[in-house]
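Enquirer: Sequence and predicted structure, then a few things I'm wondering about:
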Amino acid sequence: MSEKNGFTLIELLITLVLFSILASQTAPLVESMIQNSRMTSRTNGILGVFQMARSEAIRRGNRVTACRSTDLEECDTGAEGGWELGILVFEDMDNSGDRDPATEEIVQVYESFNEHGDTLRGSANVNNYLSFSVQGTAQLANGAVQTGDLILCDSRGWSDHAKALTLSATGRMESVTATDTSQSSCSP
């Protein structure tokens, strides 16, 4: 008796059907993993910018401020949108929370990150800028303690993947899963 090599047409069709069913079931999982990875990376990048601003304030012995900016040269508090437009970090010599291009040095910029539908919106005290004193504490331009949440969302809008970046009065910032009270912050 001779051995058969290869597949019959029916075996090949069954294999293709099973493969297509498996592929159709795993594609959404892969997409979700990619989005989760992108969200984690974005969160860590933003946290890094704010942590660097705080450490630069301590190192330089001057206030350092991070503000939202569309041109990465000046703060843009009136722009439509939020922090996803871009982040400008500068040495805030006059403690105003707004950069004077003639006298205040840019420390770092973080370019726009809304290409995937990301949004980063802040509560009242952190909607336009975060400012760190020489002790590393978070302070408003008027010297009052600055605290608040920045809510990071991606193209999925409000979901259990949204992140809250919480600024404490000590100037420390941490990332936690956003609560449902932050849901409105995910609207573009």
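Expert: Received it, and whenever you're ready, just let me know what you need.

Enquirer: all contacts plus neighbour counts: C-alpha atoms, from now on.
Expert: OK.

Enquirer: What segments of the chain are helices?
Expert: Along the chain, the stretches classed as helices by DSSP state H are 9-60.

Enquirer: neighbours around Thr8, how many?
Expert: Each residue near Thr8 was counted by other C-alpha atoms under 10 Å, and the total is 9.

Enquirer: Just the pLDDT for it.
Expert: Note for Thr8: predicted pLDDT of 85.

Enquirer: Identify the residues contacting it.
Expert: Contacts for Thr8 (C-alpha atoms under 8 Å, 6 or more residues apart in numbering) come out as none.

Enquirer: Likewise for Gln146?
Expert: With the criterion set at C-alpha under 8 Å, 6+ apart, Gln146 makes contact with 125-126, 130-131, 138-140, 167-169.

Enquirer: from the residues you listed, which ones fall inside strands?
Expert: Mapping the contacts of Gln146 onto strands (DSSP state E) picks out 130-131, 167.

Enquirer: just to revisit the earlier point, can you tell me which of the contacts of Gln146 has the most neighbours?
Expert: With neighbours defined as other C-alpha under 10 Å, the most crowded of the contacts of Gln146 is Ser131; it has 32 neighbours.

Enquirer: How about that one: which residues does it bridge to?
Expert: Partner residues in beta bridges with Ser131, using DSSP bridges, are Thr65.

Enquirer: So it is in contact with Val64, correct?
Expert: Yes - at 5.9 Å, Ser131 counts as touching Val64 under the criterion of C-alpha atoms under 8 Å.

Enquirer: ok, back up a step: for the ones in strands among the contacts of Gln146, give me CSV that also has pLDDT and distance to Val176.
Expert: Output for the ones in strands among the contacts of Gln146, formatted as CSV (pLDDT from 0 to 100; distance: C-alpha to C-alpha, whole Å):
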residue, pLDDT, distance to Val176
Leu130, 96, 18
Ser131, 96, 21
Leu167, 95, 11
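
Enquirer: Tell me the one among these nearest to Leu12.
Expert: Closest approach between the ones in strands among the contacts of Gln146 and Leu12, by C-alpha to C-alpha: Leu167, at 58.4 Å.

Enquirer: How about that closest one, nearest residue that isn't a chain neighbour?
Expert: Here the nearest residue to Leu167 in space, its sequence neighbours aside, is Met173; by C-alpha to C-alpha, 6 or more residues apart in numbering that works out to 4.5 Å.

Enquirer: what does Gly61 give?
Expert: Across the structure, with C-alpha to C-alpha, 6+ apart as the measure, the residue nearest Gly61 apart from its sequence neighbours is Val134 (5.0 Å).

Enquirer: Could you check how far that neighbour is from Glu174?
Expert: Val134 sits 20 Å away from Glu174 when distances are taken as C-alpha to C-alpha, to the nearest Å.
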